[in-house]
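Enquirer: no sequence on hand, only this structure:
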Ligand SMILES: Nc1ncnc2c1ncn2[C@@H]1O[C@H](COP(=O)(O)OP(=O)(O)OP(=O)(O)O)[C@@H](O)[C@H]1O
Ligand SMILES: [Mg+2]
């Protein structure tokens, strides 16, 4: 079963008083398998938050369909099993962390004993157990984000949607969020998160989709997408066209950088010695060669830039 599925989802914002309509989501097709940690990525303005707002039932799509845990997005049955951390959280900041969670638990119709137990558990999980009686207004922004996360997982939802859960967090806080995500995954939950911190995403997600201008441009497991590909930075006394040609026979892609340097993407590390040989055979005066495994950031920049052209 898909935890989230969208079919040709579309959202066009039409300004009330004239101006051009904005297509925030444009025929978006997404399939998120249950039990996975899914990274929903894309540049600023790509339509991530709008998609999430549709999934949680806050925004009504212009066209297409969205399903959450087998129910139509926005249906009560879907909302009950869903936890959500918004991008811009505005809490009732006159409440203490504990009062705030209690209020949410009651809204989710949790019984008194379970609620008390869960409040203790989630405050511990997000690292706020000691600050439970402080007013949210007195919290730093990172602490507020942690309360938001505690609220999102309080009622033990099957699907947790986190819109930039770590944007305000220090490195320790980010690690804690990774641990919470892991904890949810071990309990068979689905986590759908959006973040610009791609190294975080690479560490915690099983699958990602990269969207741009409201459409999915790449989707797959990290293993599929970053399979063993290496990017090699080659430095020469001078980059001659014949050297680039020779390199292009071994590499999948060659990008000239400047007159002394080019990068080459090879299918696997095993191709690197052959690449060096091809460069030398073509008369290239090789000075340096440095390889790194392709990262999610490399993939993100390449795919989004390629789209922009
Ligand atoms: N309520 C709204 N009214 C009009 N336009 C909107 C509204 N919400 C979003 N948009 C527009 O829709 C597009 C997508 O915005 P969205 O917030 O979904 O992007 P995002 O991918 O979440 O970006 P970011 O990474 O910056 O959070 C943008 O062009 C934005 O200006
Ligand atoms: Mg957003």
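Expert: Arrived safely. Bear in mind the structure is a predicted one, so any value in this text is a computation, not a measurement. Ligands and ions are numbered 1, 2, ... in the order given.
Enquirer: excluding chain neighbours, what is closest to residue 5?
Expert: Leaving aside its sequence neighbours, residue 5 sits nearest to residue 67 (Cβ to Cβ, 6 or more residues apart in numbering; 4.5 Å). C-betas here are computed from N, CA, C, even on glycine.
Enquirer: surely that neighbour touches residue 73?
Expert: Yes - taking contacts as Cβ atoms under 8 Å, residue 67 lies within contact range of residue 73: 6.5 Å.
Enquirer: more neighbours: these two, which one.
Expert: residue 73 (26 against 19; other Cβ atoms under 10 Å).
Enquirer: on that earlier part again, tell me the secondary structure for the residue nearest to residue 5?
Expert: strand (DSSP: H, G, I helix; E, B strand; the rest coil).
Enquirer: strands of this structure, residue ranges please.
Expert: Under the criterion DSSP state E, the chain contains strands at 2-13, 22-33, 37-41, 63-68, 71-72, 82-85, 159-163, 190-194, 207-212, 215-221, 230-236, 253-258, 261-266, 286-293.
Enquirer: interface residues of the stretch 201-309 of the chain facing ligand 1?
Expert: Residues of the stretch 201-309 of the chain lying close to ligand 1 (Cβ under 6 Å from any ligand atom): none.
Enquirer: pLDDT weak spots in the stretch 201-309 of the chain?
Expert: Counting by pLDDT under 70, the stretch 201-309 of the chain contains low-confidence ranges at 228, 309.
Enquirer: what's the closest non-adjacent residue to residue 274?
Expert: Nearest residue to residue 274, sequence neighbours excluded (Cβ to Cβ, 6+ apart): residue 250, at 5.2 Å.
Enquirer: measure how buried the residue of the chain at minimum distance from ligand 2 is and give me the count.
Expert: Distances between the chain and ligand 2 by Cβ to the ion are smallest at residue 49, namely 3.2 Å. If you count neighbours by other Cβ under 10 Å, residue 49 ends up with 18.
Enquirer: quick one on the thing from earlier: burial count for the residue nearest to residue 274?
Expert: Residue 250 has 20 neighbours, counted by other Cβ under 10 Å.
Enquirer: and it, how close does it get to residue 272?
Expert: Distance, residue 250 to residue 272, using Cβ to Cβ, to the nearest Å: 9 Å.
Enquirer: what's the overlap in contacts for these two?
Expert: residue 266 (Cβ atoms under 8 Å, 6 or more residues apart in numbering).
Enquirer: how about the helices in the protein?
Expert: Taking DSSP state H, the helices of the chain run over residues 48-55, 76-80, 97-107, 112-126, 141-153, 171-186, 198-204, 222-225, 241-250, 272-281, 296-308.
Enquirer: tabulate those (a markdown table), appending distance to residue 214.
Expert: Output for the helices of the chain, formatted as a markdown table (distance: least, Cβ to Cβ, whole Å):
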| stretch | distance to residue 214 |
| --- | --- |
| helix 48-55 | 8 |
| helix 76-80 | 22 |
| helix 97-107 | 31 |
| helix 112-126 | 32 |
| helix 141-153 | 25 |
| helix 171-186 | 26 |
| helix 198-204 | 20 |
| helix 222-225 | 21 |
| helix 241-250 | 34 |
| helix 272-281 | 38 |
| helix 296-308 | 12 |
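Enquirer: what residue spans form the domains of this protein?
Expert: By the assignment in automatic domain parsing, the chain contains the domains 2-221, 230-293.
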